[in-house]
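> whatever this is, show me its structure:
(chains A and B)
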Amino acid sequence: MSAANGRLQQRFAALKAEGRAGLVAFVTAGDPDANASAKILAGLPGAGADVIELGMPFSDPMADGPAVQASSLRALKNGQTMKKTLALVRAFRRQDDATPIVLMGYYNPIYIYGVDRFLADAKAAGVDGLIIVDLPPEHDDELCVPAMKAGLNFIRLATPTTDDKRLPTVLANTSGFVYYVAILGITGTRSAAAQSIEQAVKRLKRHTQLPIAVGFGIKTPKQAAEAARVADAAVVGSAIVQIVADHVGKTGKARPGVTAAVLKQVSLLAKSVRGARR
Amino acid sequence: MTLNTFRAGPDERGQFGIHGGRFVAETLMPLILAVEKAYNEAKNDPAFHAEMAEQRKHYIGRPSPLYFARRMTEQLGGAKIYFKREELNHTGAHKINNTVGQILLARRMGKTRIIAETGAGQHGVATATVCALFNLPCVVYMGETDIARQQPNVFRMKLLGAEVRPVASGSGTLKDAMNEALRDWVANVEDTFYIIGTAAGPHPYPAMVRDFQSIIGEEVREQIQQAEGRLPDTLVACIGGGSNAIGLFHPFLDDRGVKMVGVEAAGHGIKTGKHAASITGGRPGVLHGNRTYLLQDADGQIKEAHSISAGLDYPGIGPEHSWLHDVGRVEYVSATDKEALQAFQLCSRLEGIIPALEPAHALVEVSRRAPKLPKDHLLVVNLCGRGDKDIFTVADALGVKI
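Just a heads-up that it's a prediction; the model follows:
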């Protein structure tokens, strides 16, 4: 399966045919532990996630707010590694070959794993794309270009500070979809204003044919619906991993019911996204 | 490969060999490019240089003396030891050389709010100081662990009108403070200038901080010519991020006869894993906007650094040092907490100068090296900060109650 006609392209084409936007659900691999994480992942498509954004935990997640920072540290504390993250995707693919998975994270764990080895293993595991926060287009030769050659989508973040002059640079080597960062800031902090999202999506559409997903600052089903009205997908992350946090005791062990609680929240978000344009 | 010059870096991508670069989120990228553009313009503007010169002379109190350490020289019985007295600068360390430069740039860019990270508190104090001078609001991020061990500097910053925001994440030290400052910057790109305290971070910071600190080496060059009629033989400086060291070294990099030694913090000892020696005990990786030697595990997760000196307690190092190590121009060694404490006391008693724990690490290397060198060997060590801030830490380590 090439990146040009892979699960992401098929999924967004299907959403377009249905006349609705998709829900991109973010969870961190290995959060709260390997076992619960696998169950959550397996349940996401059934709960209504159209695309899965799977966080690769990193010790120093500079672009993330408290909720995602904490989820990353929980996973690391319970022994999550890059190998385990890729194994998690492999296990998911045995039962689901349609839901796209994009890995989100920071460059260092990939750099240390080895870029070529990582791309080969990720592709073999059934990963569809990568979102790497600290690799701007100025460093495309590091991972972006090799990833596209290896048949993986490289999804870039466009932000309110990416002006019309810079947008073509950001979009040049982007595939799969464009991830619009709706706020100035880190994940899960401010809330995005519906009006500014609409204007931003219109601006991006003038520059690209790719689907636009909107994230950062989308927490509630209502906010997800507002984004889904104007964009091709809404991304929710912090609000989902916060549910995990709420089900972890002081010992760091997940309480029973964590999977059900996370999936329930995802289904509420999905319902809202699906009904947004009616 | 023989290089024509060691002073040409970074390249147009902001890299020194494989090190350096601009590994930042897209939200920051346009701003980083704007800082680079503004800095390049300032560098070519005589008015900017005139303003720097004025501030250096009348506010910082430069030039700082190059002092012949007679008693230490006699005690060690070898090389002739000179101290570059950066601890005599206003605020008591070399850090102010950089904050004055960056705040002038921030003003040129029309920024109205300043943020900074700090470890020992020296950079926080130096930033709070220039913010008071230029009447700009200042937020300093500082790890909770560092706040506990550097109370005097925390109070200093508050007196100067800065807001000190405690950082609880990670180990509550410099690395975590830098993460939090970057998070603030992403959320406030329009009005905020981030004054980074060391020669690290995304391009153009490593080059810009180096340029502002190079006044140290430039002065040494003139002063040693005056005192001895020739260039020094060896330069020694401690390295956390490495701004005092690159400031001393850079003007001499192309003088092949000048040997240079950077001293990292070995904490409890390199073998214990509890140290802050990125070059000696780490490997290249990407953090805080640049590629450089980092302390990290096999999975690319960043490890906590350890040093008795809060200013050296960082798991990375400026990218230019990483490159100077790769090409072999500068030698990098390390000194433990224990050795630094001994040197701290030795310098206090022999010279009547209480050094900061940071340059005490450099003095360890001086004590090792000087006895083996001939009496006409000229050795310059950068005394980059005074030790008043450290007396509580030192008393605690020596088991003294004050």
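> phi, psi of the residue nearest the centre of chain A?
Among the residues of chain A, the one closest to the centroid is residue A:53, at 2.8 Å (CA atoms, centre = their mean). For residue A:53, the backbone dihedrals are phi -110, psi 110 (criterion: degrees, to the nearest 10).
> measure it to residue B:400 for me?
Relative to residue B:400, residue A:53 is positioned 54 Å away (CB to CB, to the nearest Å). For glycine as for every other residue, the C-beta is placed from the backbone atoms N, C-alpha and C.
> next: residue B:80.
Where residue B:400 is concerned, residue B:80 sits at a distance of 34 Å (CB to CB).
> so for the two, which residue has more residues nearby?
residue B:80 (21 against 10; other CB atoms under 10 Å in any protein chain shown).
> who are the contact partners of the more buried one?
Contact partners of residue B:80, counting by CB atoms under 8 Å, 6 or more residues apart in numbering or on different chains, are B:68, B:73, B:375-379.
> 10 Å instead, please
Residue B:80 makes contacts with B:68-70, B:73, B:227-228, B:232-233, B:370, B:373-380, as judged by CB atoms under 10 Å, 6 or more residues apart in numbering or on different chains.
> among these, which lie within helices?
Cross-referencing the contacts of residue B:80 against helices under DSSP state H gives B:70, B:73, B:227-228.
> mind checking which of the residues you listed are buried?
Buried residues within the ones in helices among the contacts of residue B:80, counting neighbours by 16 or more other CB atoms under 10 Å in any protein chain shown: residue B:73.
> chain A: which of the ones in helices among the contacts of residue B:80 is nearest?
Nearest to chain A among the ones in helices among the contacts of residue B:80: residue B:73, at 43.7 Å, using CB to the nearest CB.
> ok, the closest one - contacts?
B:79-82, B:350-351, B:366, B:370, B:375, B:379.
> mind redoing it with 7 Å?
Counting by CB atoms under 7 Å, 6 or more residues apart in numbering or on different chains, residue B:73 makes contact with B:80-81.
> with adjacent residues omitted, what lies nearest to the residue of the stretch 1-150 of chain A found nearest chain B?
Going by CB to the nearest CB, chain B is nearest to residue A:112 of the stretch 1-150 of chain A, at 3.2 Å. Once flanking residues are discounted, residue A:112 sits nearest to residue B:300: 3.2 Å by CB to CB, 6 or more residues apart in numbering or on different chains.
> got phi/psi on that neighbour?
phi 80, psi 20.
> right, and it touches residue A:108 too?
Yes. Contact between residue B:300 and residue A:108 holds when scored by CB atoms under 7 Å: they sit 4.6 Å apart.
> other SSEs contacting the longest helix belonging to chain A?
The longest helix of chain A (DSSP H) is helix A:258-274. Under the contact criterion of 3 or more CB pairs under 7 Å, 6 or more residues apart in numbering or on different chains; DSSP states H and E, helix A:258-274 touches strand A:22-28, helix A:34-47, helix A:221-230, helix A:238-246.
> quick check: mean pLDDT across the longest one?
Along helix A:34-47, the predicted confidence averages to a pLDDT of 97.
> for it, what is the distance to the chain centroid?
Put simply, helix A:34-47 sits 15 Å off its chain's centre (CA atoms, centre = their mean, to the nearest Å).
> which stretches of the chain have low pLDDT?
Because you didn't say which chain, this covers chain A. For chain A, the stretches with pLDDT under 70 are A:1-3.
> wrong one, chain B
Where chain B drops to pLDDT under 70, the residues are B:1-2.
> OK, contacts around the closest residue to chain B within the stretch 151-278 of chain A?
Across the stretch 151-278 of chain A, no residue is closer to chain B than residue A:185, which sits at 3.5 Å (CB to the nearest CB). Residue A:185 makes contacts with B:186-187, as judged by CB under 7 Å, 6+ apart.
> ok, back up a step: so the longest helix of chain A versus strand A:22-28, what angle?
For helix A:258-274 against strand A:22-28, the angle by axes from the mean of the first three to the mean of the last three CA atoms, to 10 degrees is 150 degrees.
> show me where the chain has its strands.
As the question left the chain open, I've gone with chain A. Using DSSP state E, the strands of chain A run over A:22-28, A:51-55, A:101-105, A:129-132, A:153-154, A:157-158, A:178-181, A:212-215, A:233-236.
> ah, I was thinking of chain B
Along chain B, counting by DSSP E, strands occupy B:15-16, B:19-23, B:66-68, B:80-84, B:113-118, B:138-143, B:163-167, B:192-194, B:234-239, B:259-267, B:283-287, B:289-294, B:331-336, B:378-382.
> please identify which of the ones you listed is closest to residue A:4.
Checking the strands of chain B against residue A:4 by CB to CB gives strand B:19-23 as the closest, at 27.7 Å.
> near chain A, anything from the closest one?
Yes. Applying CB under 7 Å from any CB of the partner chain, one finds strand B:19-23 touching chain A at B:21-23.
> up against chain B, what does the stretch 51-200 of chain A have?
For the stretch 51-200 of chain A, the contact set with chain B under CB under 7 Å from any CB comprises A:58-60, A:62-63, A:69, A:76, A:81-82, A:107-109, A:111-113, A:133-136, A:138-139, A:157-159, A:161-163, A:166, A:170, A:181, A:184-186.
> same list (the residues of strand B:19-23 next to chain A) but as TSV, adding neighbour count and distance to residue B:223.
Output for these, formatted as TSV (neighbours: other CB atoms under 10 Å in any protein chain shown; distance: CB to CB, whole Å):
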residue	neighbour count	distance to residue B:223
B:21	27	35
B:22	24	36
B:23	28	38
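> wait, which of those residues is closest to chain A?
Using CB to the nearest CB, the residues of strand B:19-23 next to chain A come closest to chain A at residue B:23, 4.4 Å.
> okay, that closest one and residue A:135: tell me how far apart.
Noted for residue B:23: a distance of 7 Å to residue A:135, by CB to CB.
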